[in-house]
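Colleague: sequence? don't have it. structure:
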């Protein structure tokens, strides 16, 4: 994922890739929903941004950082399409009506903090605040994108979570993301935290999950914040049902730790970070196997 991949016009967009372990040995599923770099030609032609600007919302290399999940015994699902094209960490239809030339159906959610920030299911801006589109969209375009990538991605993720819970009696979903080193659409200075752990303020997973993750990461030398400013997005809220044995934890990693945010080049600490996150996944997998099934 070293560069933007512009897909030829009319080519069907592959929504995601699943990497399965040889044998799943832990009740965990790992997801990287924002690391994709595939951009359909139709989308690029509607954008006012150049190839570097349009990538500002990518969680670049997060799929590499969590690539150790299958070796740890857990399936890994990663989106291949770009977040700027469709954000699967949003409800299926969380849309800004000002982006569209036609009236949106009544079932569309048109007000939320994400929409106000320009970051709905179809984002109005990239993470740096630059406007994406040079024209108004039609709702049919949003519908086509949701049907082609959002629904298949969540159908696959839901299948992995359900199968894991059925086989092990519980499931821990780790949803992996990255955050700007400073600033961004939420006007937060992230320089003080290397990693933000989000559990929807205690609603998405057992307290021991975020406690164990925080303790391990702090012991490895990372500064860790809890739920601020990222308590968890749609995936964490939707799948996190501790009373049903399904726990969800969102992890946001400071991009300044592992990449040059201006050039998108990998940094020298990426390999070490991947090793450390691999250790975290193995520890959380053991926790899930030992402590969560009976909850």
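Modeller: Nice, thanks for sending it over. Everything numeric in this text was worked out from a predicted model, so none of it was measured. Residues are numbered from 1 along each chain as shown.
Colleague: tell me if I'm right that residue 291 and residue 207 touch.
Modeller: No: Residue 291 lies out of contact with residue 207 (C-beta atoms under 8 Å); the separation is 11.0 Å. C-betas here are computed from N, CA, C, even on glycine.
Colleague: neighbour count winner among the two?
Modeller: residue 291 (14 against 10; other C-beta atoms under 10 Å).
Colleague: mind checking pLDDT for the more buried one?
Modeller: pLDDT, residue 291: 90.
Colleague: what separates the closest residue to it other than its chain neighbours from residue 62, distance-wise?
Modeller: Distances taken as C-beta to C-beta, 6 or more residues apart in numbering place residue 208 nearest to residue 291, at 6.1 Å, with adjacent residues excluded. According to C-beta to C-beta, to the nearest Å, residue 208 and residue 62 sit 25 Å apart.
Colleague: so these two - more neighbours on which side?
Modeller: Legend: neighbour count by other C-beta under 10 Å for residue 208 and residue 62, higher for residue 62 (26 against 14).
Colleague: residue 32 is in contact with that one, correct?
Modeller: Yes: counting by C-beta under 8 Å, residue 62 does reach residue 32; the two are 4.9 Å apart.
Colleague: what touches both of these two?
Modeller: residue 176 (C-beta atoms under 8 Å, 6 or more residues apart in numbering).
Colleague: in the chain, which spans are helices?
Modeller: With DSSP state H as the criterion, the chain has helices at 41-46, 62-65, 69-72, 113-116, 139-145, 151-168, 207-219, 234-239, 270-287.
Colleague: pull out the buried residues from the fourth one.
Modeller: Within helix 113-116, the residues that qualify as buried are 114-115, counting by 16 or more other C-beta atoms under 10 Å.
Colleague: for that helix, give me every contacting residue.
Modeller: Applying C-beta under 8 Å, 6+ apart, the external contacts of helix 113-116 come out as 90, 94-96, 109, 120, 233.
Colleague: redo that, cut-off 7 Å
Modeller: The contact list for helix 113-116 (C-beta atoms under 7 Å, 6 or more residues apart in numbering) reads 90, 94, 96, 120.
Colleague: just stretch 256-275 next, same as before
Modeller: Contacting residues not belonging to stretch 256-275 are listed as 55, 60-61, 64-65, 67-68, 180-181, 194, 255 [C-beta under 7 Å, 6+ apart].
Colleague: and those residues, which of them are buried?
Modeller: Among these, the ones that count as buried by 16+ other C-beta under 10 Å are 55, 60-61, 64-65, 67-68, 180-181, 194, 255.
Colleague: in strands, which of the residues you listed appear?
Modeller: Judged by DSSP state E, the buried ones among the contacts of stretch 256-275 include no members of strands.
Colleague: pLDDT-wise, which helix or strand of the chain ranks last?
Modeller: Least confident helix or strand, the chain: strand 5-7 with a mean of 62, by mean pLDDT, DSSP states H and E.
Colleague: centre-most residue in this structure?
Modeller: The centre of the chain sits closest to residue 33, judged by C-alpha atoms, centre = their mean, with a distance of 3.7 Å.
Colleague: who's in contact with that one?
Modeller: Neighbours of residue 33 in contact, by C-beta under 7 Å, 6+ apart: 79, 88-89, 175, 235.
Colleague: measure how buried residue 201 is and give me the count.
Modeller: With other C-beta under 10 Å as criterion, residue 201 counts 11.
Colleague: in the protein, which ranges drop under the pLDDT threshold?
Modeller: Low-confidence segments of the chain (pLDDT under 70): 1-2, 4-13, 183-191, 294-295.
Colleague: same thing but 50
Modeller: Within the chain, the stretches with pLDDT under 50 are 1, 10-11, 184-190.
Colleague: contact partners for residue 77?
Modeller: By C-beta under 7 Å, 6+ apart, the residues touching residue 77 are 16, 18, 31, 156-157, 160.
Colleague: which of these tops the neighbour count?
Modeller: Neighbour count (other C-beta under 10 Å) singles out residue 31 as the most crowded of the contacts of residue 77, with 33 neighbours.
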